[in-house]
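S.K.: Fold the following for me, if possible:
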Amino acid sequence: MTSTAPETSSACATDAVEIELDPVERAELLALVSRIAPGSVDDPRWQEQCRAAGALPQRIGALVRAFRHDPGPEGTAFLAKLPLGAPALPPTPREPDSAEPHSTTPAVLSLLLGNELGTVVAYRDEKRGSLVQNVVPVHSLAGSQSNGGSVELELHTENAFHPHRPDYVGLLCLRSAHEDRIGTRVASIRRALPLLSSTARGLLQEARFVTEAPPSFRAVGRSEPRPVLTGAPEDPDVCVDFNATRALDRQAGLALDHLREALLAVCRDLVLDPGDMVFVDNRIAVHGRAPFTPRYDGSDRWLHRVFVHLDHRRSRPHRSDNGVVLG
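M.R.: Take a look at the predicted model:
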C-alpha cells in the first residue's frame with residue numbers, strides 16, 4: 001500500500017495504524033482459513049463456524065484492539081501482504097450487484113478480520129444482502145456515483161442516509177488496476193476540523209441537512225433532517241455524502257461547501273496492492289475514489305468490501321431472526 005497526500009495536508013503514513021504481515025503470520029492465517037469448512041459465506045451456520053475459528057495472529061489482534069480503542073488522526077488501519085491463497089484469481093467480475101458467496105481465502109479473511117473488529121453486517125437492499133461484496137467496474141455503471149463506477153467518486157460516509165450505517169468499512173485488494181495507480185481517497189474530520197471556521201462548525205452541528213440513499217440501494221429513501229457533525233465539538237463524528245447530502249438553507253449550504261473544501265485539503269489517495277486491506281472508521285473518516293479507465297476484460301481492479309458494526313444489538317429491530325442482514 002502506498003499513500004499520497006496534498007502538500008497542504010498534514011496527513012502522513014506514520015500516523016496510521018498499520019502492519020505488514022511476515023511469512024509466519026501469513027502461514028498462520030492460511031492455517032486458520034483451512035480449518036473452516038467450505039460453504040456459503042451468507043449461510044448463518046457457516047458464519048457461526050467462522051466466528052468460532054480461533055484466534056488471529058497476535059500482532060493482528062493487537063492492531064485491531066488499538067484501532068477499535070482509537071482510530072488515530074487518519075481513521076484508517078492497514079494490513080499489508082495478507083495471503084490470497086491459491087489457485088490463481090478468476091477474472092474480475094463485471095456484472096452489477098457482484099458479491100462473493102463462496103468461502104474463498106480472500107472472502108474468509110475479510111470476514112475473520114471484520115468480525116475481529118466487530119460484527120460483519122449487510123443491507124438487504126444493497127447487493128441482495130451479501131456479506132462479502134465485490135467493488136469492481138461495471139460498464140453500465142461507468143458514470144455513476146457508485147462502487148461500480150469509474151468516474152471520480154465523491155467523498156462520503158458509507159450509507160450516510162441509513163440510521164444504522166456501518167461503523168467501519170473494510171476493503172481488501174484482490175487485483176490492482178492494470179495501468180492507473182488508482183487511489184481509495186480517505187479524509188478524516190480530525191484533520192479537517194482545524195480548517196473550519198467556528199461559524200461553519202456551528203452550522204454543521206445543526207439539523208439542517210438531509211441525505212438521499214446511494215445508487216447501490218434498490219430502495220429509495222432519505223434521512224430525516226440532521227446535523228453533519230455530532231458528538232464532542234472538539235472531536236466530532238462526521239456523516240455526509242457530498243453527492244447525496246443537501247443543505248436545507250443557504251447558510252447551511254455554504255458550511256457544507258466549506259467542509260468539502262477542508263476534507264479535500266487533507267485527503268490522501270491510498271493505493272492498495274493485492275493482499276492489502278484497509279479499514280476505514282466510518283464515523284470520523286469519509287472516503288471516495290480517483291477516476292480510472294477500466295478495460296472490462298477480466299483484469300480490472302477488484303476489491304472485497306465488508307461492513308462492520310461495533311454494537312450489533314443496537315440494530316436488532318432491523319434484523320430478522322437475529323441475523324446479520326439489516327432490512
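
S.K.: Skip ahead from the lowest-mean-pLDDT helix or strand in the chain and say which helix or strand is next.
M.R.: Across the helices and strands of the chain, mean pLDDT, DSSP states H and E gives its lowest value to strand 2-4, namely a mean of 65. Later in the chain than strand 2-4, the nearest helix or strand by DSSP states H and E is strand 17-20.

S.K.: Tell me which stretches of the protein form helices.
M.R.: In the chain, helices defined by DSSP state H lie at 23-34, 44-51, 58-69, 105-117, 189-192, 198-204, 250-266, listed in chain order.

S.K.: Residue 26 touches residue 85, doesn't it?
M.R.: No: when contacts are counted by Cβ atoms under 8 Å, residue 26 is not listed as touching residue 85 (10.0 Å). For the C-beta atoms, the positions are set from N, CA and C on the backbone; glycine is no exception.

S.K.: now the helices of the chain in CSV, with mean neighbour count and distance to residue 304?
M.R.: Compiled in CSV, those are given as follows (neighbours: other Cβ atoms under 10 Å; distance: least, Cβ to Cβ, whole Å):
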stretch, mean neighbour count, distance to residue 304
helix 23-34, 15, 14
helix 44-51, 15, 14
helix 58-69, 15, 17
helix 105-117, 23, 5
helix 189-192, 23, 26
helix 198-204, 17, 33
helix 250-266, 18, 26
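
S.K.: Quick one, which of these gets closest to residue 161.
M.R.: Nearest to residue 161 among the helices of the chain is helix 250-266; the distance by Cβ to Cβ comes to 15.3 Å.

S.K.: Identify the residues contacting the closest one?
M.R.: By Cβ atoms under 8 Å, 6 or more residues apart in numbering, the residues outside helix 250-266 that reach it are 5-6, 8-11, 155, 187-189, 191-193, 195-197, 199-200, 203-204, 206, 208-209, 228, 238, 240, 242, 245, 247, 286.

S.K.: Residue ranges in the protein under the pLDDT threshold?
M.R.: For the chain, applying pLDDT under 70 flags the ranges 1-16, 178-180, 219-220.

S.K.: switch to 90 and redo it
M.R.: Of all residues in the chain, those with pLDDT under 90 make up the ranges 1-17, 86-88, 141, 146, 177-183, 213-223, 290, 318, 327.

S.K.: Please report how far the most centrally placed residue in it lies from residue 217.
M.R.: Nearest to the geometric centre of the chain sits residue 169, at 2.7 Å (Cα atoms, centre = their mean). According to Cβ to Cβ, to the nearest Å, residue 169 stands 15 Å off from residue 217.

S.K.: Residue 97 too?
M.R.: Noted for residue 97: a distance of 11 Å to residue 217, by Cβ to Cβ.

S.K.: same deal with residue 46?
M.R.: In this structure, residue 46 and residue 217 are separated by 26 Å, where distance is defined by Cβ to Cβ.

S.K.: Residue 198 now?
M.R.: According to Cβ to Cβ, residue 198 stands 35 Å off from residue 217.

S.K.: residue ranges for the strands of the stretch 51-200 of the chain, please.
M.R.: 76-80, 119-123, 133-135, 153-156, 168-175, 184-188 (DSSP state E, counting those that start in this stretch).

S.K.: To residue 105, which of these lies closest?
M.R.: In this view, these are compared for proximity to residue 105 by Cβ to Cβ, and strand 168-175 is the closest at 10.0 Å.

S.K.: Partner strands of that closest one, with direction?
M.R.: Using DSSP bridges, the strands paired with strand 168-175 are strand 277-281 (antiparallel), strand 302-309 (antiparallel).

S.K.: Quick one: those as JSON lines, columns for distance to residue 160 and mean neighbour count too.
M.R.: JSON lines is the format used below for those (distance: least, Cβ to Cβ, whole Å; neighbours: other Cβ atoms under 10 Å):
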{"stretch": "strand 277-281", "distance to residue 160": "13", "mean neighbour count": "25"}
{"stretch": "strand 302-309", "distance to residue 160": "13", "mean neighbour count": "24"}
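
S.K.: Which of these sits closest to residue 141?
M.R.: Set against residue 141 and scored by Cβ to Cβ, those come closest in strand 302-309, at 15.0 Å.

S.K.: before we move on, the earlier item: the strands of the stretch 51-200 of the chain into CSV, with extra columns for distance to residue 320?
M.R.: Putting the strands of the stretch 51-200 of the chain into CSV (distance: least, Cβ to Cβ, whole Å) gives the following:
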stretch, distance to residue 320
strand 76-80, 31
strand 119-123, 13
strand 133-135, 20
strand 153-156, 28
strand 168-175, 23
strand 184-188, 32
